[in-house]
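*Asks:* can't give you the sequence, but here's the structure:
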C-alpha cells in the first residue's frame, strides 16, 4: 500500500502512526504545509473514552500524552458574582503543540515520511499513484472543495463571534464565565492544559460584539498568523476581574464564526476525508482534535479488517458516521444554547448552572446526581426526595399533582365521531397511571373537521353523551384531571388512517371537502382545499365554541385547542400556508386574526376557572416559515386572549419539512417561549425518560412535560418512574387495588449475594479534583502577550 496523507495535524499524524504500526510494509507519506516547529493553537481536551481507545491502540503514544496531561474533574460556573462547582466529570488536556510533537516523534520512530513546509499536490494527482489518499486538511478542506458534488458538504455558519486565546492564569477546573454587560452577554470557555497556561475562548453574539466595539477594532483583514491585538486588549479589559492580573496570550487570534461542517459522503474512489474536513462539532462540547483522532483509529481499523480499500472506506464511514452525528446533535444543542444565553439572564445562579451543564442533553439530572449529588441537592430546592417531575403546578384554576402530561393520542376507532370502547379503556388506563393531566385524543368540532373517518367528534348529543359516560366512569376510579383537544383538520382532513410512516393517504371519492387558509394541497396527490370565506370562518369559530360547551358538560377539566400541525387554524398562522390578501393574510397581525377570533370565543364559552391550553407548531422546519420573533409574538397574543399555557410542538405544517429529529428535539422551542414570555409551556416530542423530564423541568425549559409514546408503551409510565426514583409521595399515588404492585418485582438472581473477592477495597475516586500543578522547572515559552 502506498498512502498519501494531506495535512500533518494531530489527526493526520495519528492515522499515519497507527497505520504504519499495524502495517509496517506500507509506504506512508504526510504532506504538511507548515514547518515542523510552527506552533498553532492552545490546549486540547480528551474524554476518558477516547483516551481508553488511544491506550489500547498505541500505548507508547498514550504514555507520552499521559506524562503531559493536566487532569481535573470539576466544572466551575461564574455567574452574577457567584461560582457554582460541579464535580465528578473527568478531564484530561494537554498543549496541542506538545501533542503534535509526540505524534511527530512517533511517526519518525515508525518510519513515516513527513514532508514539512510542503503543500500537498492536488488530491487527484496523489490518487493516481497512491492506493489511498487521506485528506486531513481541515475545515476549509481543498480536497473536499475539489469534489464538492461528491462529498456534498454543507457548512452551517453560526452567528456568534469567538476568539481562541490562552492565558497565563492557570485555572483549576473547566471554567465557564458568563458576564452580563451593557452591550450584552459575553461568555468564556476556559480550561488548563499545562502547569503554565489555560485555553481561554471568548464568545459573544454578533450584535453584542458590535455594541462592545469589537467590529470597529477589527476594521481590516488580518494576515495569516496575525492576531487582532486591539481586540485582545479589549477582551482583557472586559474580563480583567476573571484574569486576576494575568495576561491574555494570542496566537494567530482573531474573531471568527463557527461553521458546522456536514458532508453527505466521506469518500470518493480511493480518497477519504478525516476530521474537520469531513465534519465539525462546536468547541463547547468537545475537541475537533479528539474527533479527528477517533476518526484515525476507526479508519486504520477498517483498513486492517477489509483488504479492499473501497470496502474499508465504506466500513469506516458506516461505523464512524453514527458516532459523529451523535456528537454533532449534542454540539448543535450546545452551540444554540450559548447563542441564546441572554434568554436565561433572569435565572438564579444555581438553576443557571444546572441549565448550562445539561444544555446538550447528554448530561442529565440523574447523570449529574451520580457525579456530584451535593451539587444537584444545592440546585434542586423543591424538597428532599421529591424529583422535579413530582412537584405540583397551578394551571389556571386547577392544581396538578405533578408535571407529567399524557398528550392527545389518536386511536382512530370512533364510528360517526362517537368514541367507543378503545378510547374509553385507553383514557382510563392512563388516568390510573399517575400522570398529572391526561388528554383525550384529537377531537373534531364538525363532520368536515375530521382528519379520518375514525376520529372522534364533539358536535352531536350522542358524542357528548359518550364522552360524559367515559369521564364519569373514570371519575369513579381516579381523580386525575382529564382534558380534551378540539381540532379542525383543515387541508389535512379527509384521509385514511395513518400507516406505519405516520402519513394518512387521501380518501379520494370516499372523502369529504376540505377547507384551508389558502387553496394549497397538502402534497402531490392530495385534493386542493377550498379557501375559507369569512362566512366559513365564522361558522368554524361557532363550532369551536359549541364543542367547548359540550366538553364542559361532558365533565372535562382542561381544554386544548389544536392550532398546530398544519390543521386549519395552523394554516392561518404560517406564511408558508397562508397566501391570502385579505384581512386574514399577509402581516403577522392579520395571520393571527382568525386564531384569536377562535380563542376569544372559546374562552368566553369555556368556564373561567378551567384551564385552556393552545397547541402550536413553533417552527415549520422549512425555509421561509415562522421566525422565532414571530412565534414569541404569537404566544404573547394567545396569552393575552386567554390561553393558560402553550403546548409547544413543531412541524407537520408542510409536507416538505426537514425536522432535526432527536431526543427531546422540540424542547428548545418550549424553552424559547417560556423564557422569552413567562407563559407556562408544555414540552412535547421524543421525551421518554423520567431523567429527561426532570432535566427539562429543573433547568426551567418548560413547566410541564408531555410523554406520549412512553405512555402507549406503558400506561403506568409515571407510577413506574416514581418507583424507579424511590418516590412515594402525593405526586404519584397508586390506585388502592394496585398498591401491592407498587414495588418493582425482583428479577433473575435478585436473591444472590455476591461474595467478597477483594482483600483491600479500592478507594472511591474523589468527586472534586482540581488542577493544582507543582510548578516545574520547564521554562514558560516566550510568546507575545497583551
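*Replies:* Right, received. Where do you want to start? Keep in mind the model is a prediction, meaning the values are calculated, not measured.
*Asks:* can you tell me the SS state at the residue nearest to residue 714 when sequence neighbours are not counted?
*Replies:* Leaving aside its sequence neighbours, residue 714 sits nearest to residue 720 (C-beta to C-beta, 6 or more residues apart in numbering; 6.2 Å). C-beta coordinates here come from the backbone N, C-alpha and C atoms, glycine included. Secondary structure assignment for residue 720 (DSSP: H, G, I helix; E, B strand; the rest coil): helix.
*Asks:* before we move on, what about residue 207?
*Replies:* Residue 207 ends up helix, using three-state DSSP.
*Asks:* how much space is there between it and residue 198?
*Replies:* The gap separating residue 207 from residue 198 is 28 Å, by C-beta to C-beta, to the nearest Å.
*Asks:* more neighbours: which of these two?
*Replies:* More neighbours surround residue 198 than the other of residue 207 and residue 198, with 26 against 11 (other C-beta atoms under 10 Å).
*Asks:* have a look at the chain and report its longest helix.
*Replies:* Looking across the chain with DSSP state H, the single longest helix is helix 309-339.
*Asks:* what about the residue nearest to residue 714, neighbour count?
*Replies:* Counted by other C-beta under 10 Å, the residues lying close to residue 720 total 18.
*Asks:* so it makes contact with residue 713?
*Replies:* No - with contact defined as C-beta atoms under 8 Å, residue 720 does not reach residue 713; the gap is 10.5 Å.
*Asks:* so what's in contact with these two at the same time?
*Replies:* Counting by C-beta atoms under 8 Å, 6 or more residues apart in numbering, no residue touches both residue 720 and residue 713.
*Asks:* measure the most centrally placed residue in the chain to residue 666 for me?
*Replies:* For the chain, the residue nearest the mean C-alpha position is residue 333 (3.8 Å; C-alpha atoms, centre = their mean). Here the distance between residue 333 and residue 666 works out to 12 Å (C-beta to C-beta).
*Asks:* before we move on, what about residue 412?
*Replies:* Distance from residue 412 to residue 666, by C-beta to C-beta: 23 Å.
*Asks:* helix or strand for the nearest residue to residue 214 once chain neighbours are set aside, which one?
*Replies:* Distances taken as C-beta to C-beta, 6+ apart place residue 231 nearest to residue 214, at 5.5 Å, with adjacent residues excluded. Per DSSP states H and E, residue 231 falls inside helix 229-238.
*Asks:* where along the stretch 301-450 of the chain do the helices fall?
*Replies:* Along the stretch 301-450 of the chain, counting by DSSP state H, counting those that start in this stretch, helices occupy 309-339, 349-357, 365-371, 373-379, 421-432.
*Asks:* any idea how far the third one is from the chain center?
*Replies:* What it means is helix 365-371. Computed by C-alpha atoms, centre = their mean, to the nearest Å, the chain-centroid distance of helix 365-371 equals 18 Å.
*Asks:* who's more crowded, residue 412 and residue 666?
*Replies:* The neighbour comparison of residue 412 against residue 666 (other C-beta under 10 Å) goes to residue 666, with 24 against 18.
*Asks:* model confidence score at the more buried one, please.
*Replies:* Note for residue 666: predicted pLDDT of 96.
*Asks:* so how far is residue 755 from it?
*Replies:* Residue 666 sits 49 Å away from residue 755, taking C-beta to C-beta as the criterion.
*Asks:* in the protein, what secondary structure element scores lowest on mean pLDDT?
*Replies:* Among the helices and strands of the chain, helix 48-57 carries the lowest confidence by mean pLDDT, DSSP states H and E, at a mean of 89.
*Asks:* could you say what helices and strands that helix packs with?
*Replies:* Counting contacts by 3 or more C-beta pairs under 8 Å, 6 or more residues apart in numbering; DSSP states H and E, helix 48-57 packs against helix 59-66, helix 288-305.
*Asks:* ok, and which of those helices has the densest surroundings?
*Replies:* helix 288-305 (a mean of 23; mean count of other C-beta atoms under 10 Å).
*Asks:* chain center to that one: distance?
*Replies:* Offset of helix 288-305 from its chain centre (C-alpha atoms, centre = their mean): 26 Å.
*Asks:* what helix or strand is residue 550 located in?
*Replies:* With DSSP H and E as the criterion, residue 550 is inside helix 534-554.
*Asks:* and the helix or strand just after that helix, how far out from the chain middle?
*Replies:* The first helix or strand that comes after helix 534-554 along the chain, using DSSP H and E, is strand 558-563. Averaging C-alpha positions (C-alpha atoms, centre = their mean) puts strand 558-563 27 Å from its chain's average.
*Asks:* what angle sits between strand 558-563 and helix 534-554?
*Replies:* Strand 558-563 and helix 534-554 are oriented at 160 degrees to each other (axes from the mean of the first three to the mean of the last three C-alpha atoms, to 10 degrees).
*Asks:* elements contacting whatever helix or strand comes next after strand 558-563?
*Replies:* Elements were assigned by DSSP H and E; along the chain past strand 558-563, the next helix or strand is helix 568-573. Packing partners of helix 568-573 (3+ C-beta pairs under 8 Å, 6+ apart): strand 515-516, strand 558-563, helix 593-605, strand 612-617.
*Asks:* the first one - contacts with which helices or strands?
*Replies:* Put plainly, it is strand 515-516. Here strand 515-516 touches strand 530-531, helix 568-573, going by 3+ C-beta pairs under 8 Å, 6+ apart.
*Asks:* so for the first one, mean pLDDT?
*Replies:* The reference is to strand 530-531. On average, strand 530-531 scores 98.
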